[in-house]
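Engineer: what's the 3D shape of this:
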Amino acid sequence: PESPTNMGARRDNLMIELEAERKRRPPKQFPWYYAPTYLLFWVGLFFAVIYPLFQALPAGIRISEETEKPGKFVAERAQYMLREITQMGPRLVGDVNNEVTAVNFLLEEIEKVRQVLRNDVYEMEVEVQRASGSYLIKGFLNHYKGIQNVLVKLSTRSSNSSSYLLVNSHFDTKPGSPGAGDDASMVVVMLEVLRQVAISGDPFLHPILFLFNGAEEQPMQGSHGFITQHRWAANCKALLNLDSAGAGGRDLLFQGGPNHPWLMKHYRNSAPHPFATTTAEEVFQAGIIPSDTDFRVFRDFGVVPGLDMANVYNGFVYHTEFDRFAVVSRDSLQNSGDNVLALVKSISNAEEMYDTEAHAEGHAVFFDFLGLFFVHYQESTSTALNISFSLGAIVLICVSLWRMSRVSGQTMGTYAGAFGLLFLLALAGILLALLFPVLMCIFYDWGDRTLSYFSNSWLVIGLYIIPSVIGLVLPMTLYLTHRRSDKIPHKYLLQIVGHANCLLLAILCLALTALGYRSAYLFLISLIFYVAALIVNLLSRLHCRGYHWALVLMVSQILPFIYHAYLFHMFILILIPMVGRFGMNTNPDLLIGGLCACGTILALSFAAPLINIFRRPNSMLGGLSVVMFIFCMIAVSEVGFPYRAKTNVMRADLMQVHRKYFEYDGSMSLEDSGYYFHLGDRNRERPLRESMDLTGLVRLGEDCDTELMCGLPCYRFCASRKDAMWLAREELVELPYPTVLEMLNKTVLFGGYQVRFDFRLSGPPNMGLFILPLDGVRVLHWTFSQGMLDNPATYRPPLNVILTYGVDTTPFEFYLVLSKDNGNFDEPVMKMGVSGHYMSPNAERDAMSKEFLATLPDFAFSTEWPSSYERHIF
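Structural biologist: Residues are numbered from 1 along each chain as shown. Coordinates of the predicted model:
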């Protein structure tokens, strides 16, 4: 033990040092003209480090290099296949391009693989599945028959494993789109991965099942048909789902598991180009993203854990005619191919595949850092880290305040009071950092300038990020420049500002952890580096020496700034194209503005207040305000017009509708036609009026449900039918061929209180039913899945059934059994709407429709087709 003499000597030395600190002249703030350099340093860091690494892709390997790089994914071969499949044009379920041309293409490419297969090592089975089924999804019932999947099972001859790795992508597309990015790029990646594995000669433990899915866009019929009906489905123990929300770029891992963190271990150990975040998983599963993938069906119907990956770059061309071969680069294919090939090799040799349930250990927190490396840990570890660092930060803040009080000679109460005040100012700063961008969003929406950043995303810097920075530092800067008390030196007050922000982030980290959000790791990253800087300053005694502590803090914030700016740059890049299809009722600027604000708070909450180490910080706020004003002026000029031809298009989907209403006696009470608009964004029809004659265009409104489904053949977006726009036309729409509903039989069942109707329906490959029982009537049974009828509180009439056929073109035959309270079936018991959707590019549009579509401005894209709608009363 230390002697009393030595302890006394140390205490005396500390007192001498503290006395010297008190007598030292207060440090001066740095000259104001260094402040712009300080702010530009962070801007430069983004463009010098983050942006290049975010865009970085591996060089695509050519076929001529294959012998030099054996076992490597060859992007050039995949690119040749991509050109061939996109030249087919749109591939719709039930259309020849999808059911014949695309299937034959896949079988031919698979046969080429068979010709080079190492038969001494592997065996390969190929099958075309035709499936029919019925299930609930997204509020409607999805009923299908004759859809096709192409399956390839590759297994090692020496393997006796019954656990398969499933790799899935889809070859069908949306109407009007060649689908190069979504999802032909992943189809050709799978084909080349299949080839590389088949020629490698390397044995693997578990069979690999490649599922080329022919009906994802309907939605997800192909995956449902496989996982619920195929004989191999029960053997699938892990999944790699490959999809796209854009065209090209890097493939983002945005869903994993669930509850199988061992998959993240394989991603970390094998994927050479990691790109992933837990936050994307939570955002996607919250329903903010207007998309879905087959991962949902495999998870919910097959309970197959897996990894869900998608290309997310250039979402502007997603589901448009501009999703062409040219927008998917060879380097992008190489990036995806490298990752998928490595994952297939790793997971197909995973010991965990023998008993995946034994390794179900909860959710994982996962993220990459600039694509350089990948981090993952279990949710239980996340909870421990979040709590430990949050509480540790609070303890260190207390130690720091005690140290300041000892050095300055003021009481701890003085510093506690100052901390309380600055904590409130820091809270006000965060609120203003959120409020200022929101106000910008509201003002621009009032002025009909929504989506001004849609084609020029750099505008968000001045519209949202700079206002957020101003709001973040405004309260504390005003306080520090106008305070009248000299009890606490400026250098300490500025440190306390950082402590106040640290406490706020710690509280948010603990709150998100308590609520079960794994995205609390974002706050943890900020806390770790702030705590590290504070420890260094306390141990090195820079803590009390002028503004030297600020240099340590600034250096410590470089990595958190890089990560948070990288992450939110990714989200902005993904979400800006998506807000062009958020619908008319949502102000999309609020999402983008809020996203920019959150990114600013996380990236700069410690770095931005350091402008107060310079003199005249208010001048910097004034300068930022000037820059913001300049951006605002640019945004209201032509530069701020949202759309650009071919690259950043407006979504203006419309159907050419032929409508008939039939009464109970079979007579037709109405026959008319018009254009049914489903507009994608907040600007509604305003940008179209300059080139299109929209005289008479009306919004159907809240009272439109006086007619069944507002009298519309809505397809999947029926929930927004009251916002639909209708433009009547005098000439009836000419349909390629009729959609015909026949009532085959009506039978009153035993007991007299139930009736059965039998129907036959023929028409195009995509049709819909809307069933509305009248007062006192209930639907008890029908041909389709019973899930909707078993949950009447959730699924309220009118009941929506989507009918799709692939190669089986026979008419749909179905029945309904209804009950009626009074048992009188000689009067109307239900209304039924029938829609037919002629989506095929081979379905002829009539001359008037072609003429109308030709007036669409070049900056607009329309997913369009002729449709029929008949309302019957039975």
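Engineer: Please pull out the lowest mean pLDDT helix or strand from the protein.
Structural biologist: helix 4-23 (a mean of 53; mean pLDDT, DSSP states H and E).
Engineer: for the chain, which spans come out with low pLDDT?
Structural biologist: Confidence mapping of the chain against pLDDT under 70 gives the ranges 1-26, 484-485.
Engineer: at 50 instead, please
Structural biologist: 18 (pLDDT under 50).
Engineer: so how far is Asn97 from the spatially most central residue of it?
Structural biologist: The chain has Ile289 as the residue nearest its centroid, 4.4 Å off, counting by C-alpha atoms, centre = their mean. Look at Ile289 and Asn97: by C-beta to C-beta, to the nearest Å, they are 28 Å apart. C-beta: built from backbone N, CA, C; applies to glycine.
Engineer: got a list of what the closest residue to Phe105 other than its chain neighbours touches?
Structural biologist: Leaving aside its chain neighbours, Phe105 sits nearest to Ile85 (6.1 Å; criterion: C-beta to C-beta, 6 or more residues apart in numbering). Each residue near Ile85 by C-beta atoms under 8 Å, 6 or more residues apart in numbering is listed here: Ala102, Phe105, Phe171, Ala184, Val187, Val188.
Engineer: wait, doesn't the first one sit right on Val93?
Structural biologist: This means Ala102. No: using C-beta atoms under 8 Å, Ala102 is not in contact with Val93, being 10.7 Å away.
Engineer: Which residues are in contact with each of the two?
Structural biologist: Asp172, Gly214.
Engineer: Can you give the contact residues for stretch 681-688?
Structural biologist: 445, 448, 450-451, 579-584, 586-589, 642-643, 650-652, 677, 679, 694, 697, 725, 856-857, 859-860.
Engineer: Just give the number of residues close to the residue lying closest to Asn648 once chain neighbours are set aside.
Structural biologist: Take Asn648 and drop its neighbours on the chain: the residue closest to it by C-beta to C-beta, 6+ apart is Ser455, 4.1 Å away. Other residues lying near Ser455 total 19 when counted by other C-beta atoms under 10 Å.
Engineer: So Ser455 lies in a strand, does it not?
Structural biologist: No: counting by DSSP: H, G, I helix; E, B strand; the rest coil, Ser455 is located in no strand; its state is coil.
Engineer: so what's it up against?
Structural biologist: Applying C-beta under 8 Å, 6+ apart, we find Ser455 in contact with Phe641, Pro642, Tyr643, Arg644, Thr647, Asn648.
Engineer: Mind doing that once more with 7 Å?
Structural biologist: For Ser455, the contact set (C-beta atoms under 7 Å, 6 or more residues apart in numbering) comprises Pro642, Tyr643, Arg644, Asn648.
Engineer: Equivalent analysis for Arg699, please.
Structural biologist: So Arg699 contacts Asp723, Met725 (C-beta under 7 Å, 6+ apart).
Engineer: Phi first, then psi, for it.
Structural biologist: Arg699 adopts backbone torsions of phi -90, psi 130, taken as degrees, to the nearest 10.
Engineer: Could you do the one 10 residues further on as well?
Structural biologist: Note on Met709: backbone dihedrals following degrees, to the nearest 10 are phi 50, psi 30.
Engineer: and what of Leu253?
Structural biologist: phi -80, psi 110.
Engineer: That one against Thr278, yeah?
Structural biologist: No: between Leu253 and Thr278 there is no contact under C-beta atoms under 7 Å: 9.9 Å.
Engineer: Let me know the secondary structure of Ser625.
Structural biologist: Assigned by three-state DSSP, the conformation of Ser625 is helix.
Engineer: What about it, how many residues nearby?
Structural biologist: The number of residues near Ser625, taken as other C-beta under 10 Å, comes to 13.
Engineer: Report the contact partners of it.
Structural biologist: Counted by C-beta under 7 Å, 6+ apart, Ser625 has contacts Ile470.
Engineer: Roughly how far does it sit from Asn618?
Structural biologist: 10 Å.
Engineer: again with Met264
Structural biologist: From Met264 to Asn618 the distance is 48 Å (C-beta to C-beta).
Engineer: Equivalent analysis for His359, please.
Structural biologist: Noted for His359: a distance of 58 Å to Asn618, by C-beta to C-beta.
Engineer: So which bits of stretch 290-298 are buried?
Structural biologist: Ser291, Asp292, Thr293, Asp294, Phe295, Arg296, Val297, Phe298 (16 or more other C-beta atoms under 10 Å).
Engineer: In helices, which of those appear?
Structural biologist: Phe295, Arg296, Val297, Phe298 (DSSP state H).
Engineer: Can you tell me which of these is closest to His376?
Structural biologist: Using C-beta to C-beta, Phe295 comes nearest to His376 of those, at 18.1 Å.
Engineer: you'd agree that closest one is up against Asp308?
Structural biologist: Yes: Phe295 lies in contact with Asp308 (C-beta under 7 Å); the separation is 4.0 Å.
Engineer: Pull up the overlap in contacts between those two.
Structural biologist: In contact with both Phe295 and Asp308: Asn241, Gln255, using C-beta under 7 Å, 6+ apart.
Engineer: Please enumerate the helices of the stretch 51-200 of the chain.
Structural biologist: Assigned by DSSP state H, counting those that start in this stretch, the stretch 51-200 of the chain shows helices spanning 51-55, 75-86, 96, 103-116, 185-200.
Engineer: Pull out the buried residues from the helix or strand harbouring Val497.
Structural biologist: Secondary structure from DSSP states H and E places Val497 in helix 490-515. By 16+ other C-beta under 10 Å, the buried positions in helix 490-515 come out as 490-506, 508-510, 512-513.
Engineer: hmm, who's touching the helix or strand following that helix?
Structural biologist: Scanning forward in sequence from helix 490-515 by DSSP H and E, the next helix or strand is helix 521-540. Helix 521-540 is touched from outside by 278-279, 365, 367, 382, 385-386, 389-390, 392-393, 396, 399-400, 403, 502, 505-506, 508-509, 543, 549, 552-553, 556-557, 559-560, 563-564, 602, 605-606, with contacts defined as C-beta under 7 Å, 6+ apart.
Engineer: quick check: angle from helix 521-540 to helix 490-515?
Structural biologist: With axes from the mean of the first three to the mean of the last three C-alpha atoms, to 10 degrees applied, the angle from helix 521-540 to helix 490-515 works out at 140 degrees.
Engineer: Walking through the stretch 201-350 of the chain, point out its helices one by one.
Structural biologist: Using DSSP H, counting those that start in this stretch, helices in the stretch 201-350 of the chain cover 221-229, 262-270, 278-285, 295-302, 330-347.
Engineer: Of those, which is nearest Thr739?
Structural biologist: helix 221-229 (19.9 Å).
Engineer: for the closest one, packing partners?
Structural biologist: Helices and strands touching helix 221-229, by 3 or more C-beta pairs under 7 Å, 6 or more residues apart in numbering; DSSP states H and E, are strand 122-137, strand 140-156, strand 208-213, helix 295-302.
Engineer: mind checking how far that helix is from the chain centre?
Structural biologist: 23 Å (C-alpha atoms, centre = their mean, to the nearest Å).
Engineer: Give the buried residues for that helix.
Structural biologist: Neighbour-count burial for helix 221-229 [16+ other C-beta under 10 Å]: Gln221, Gly222, Ser223, His224, Gly225, Phe226, Ile227.
Engineer: Can you lay out these as a markdown table showing distance to Leu205?
Structural biologist: Formatted as a markdown table, the buried residues of helix 221-229 follow (distance: C-beta to C-beta, whole Å):
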| residue | distance to Leu205 |
| --- | --- |
| Gln221 | 32 |
| Gly222 | 27 |
| Ser223 | 25 |
| His224 | 28 |
| Gly225 | 28 |
| Phe226 | 23 |
| Ile227 | 22 |
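Engineer: between the residues you listed, which is closest to Ala416?
Structural biologist: Ser223 (59.3 Å).
Engineer: need the contact list for that closest one.
Structural biologist: Asn168, Asn213, Glu216, Asp294, Val297, Phe298.
Engineer: which one of those residues sits closest to Phe750?
Structural biologist: Out of the contacts of Ser223, the member with the shortest distance to Phe750 (by C-beta to C-beta) is Val297, at 39.0 Å.
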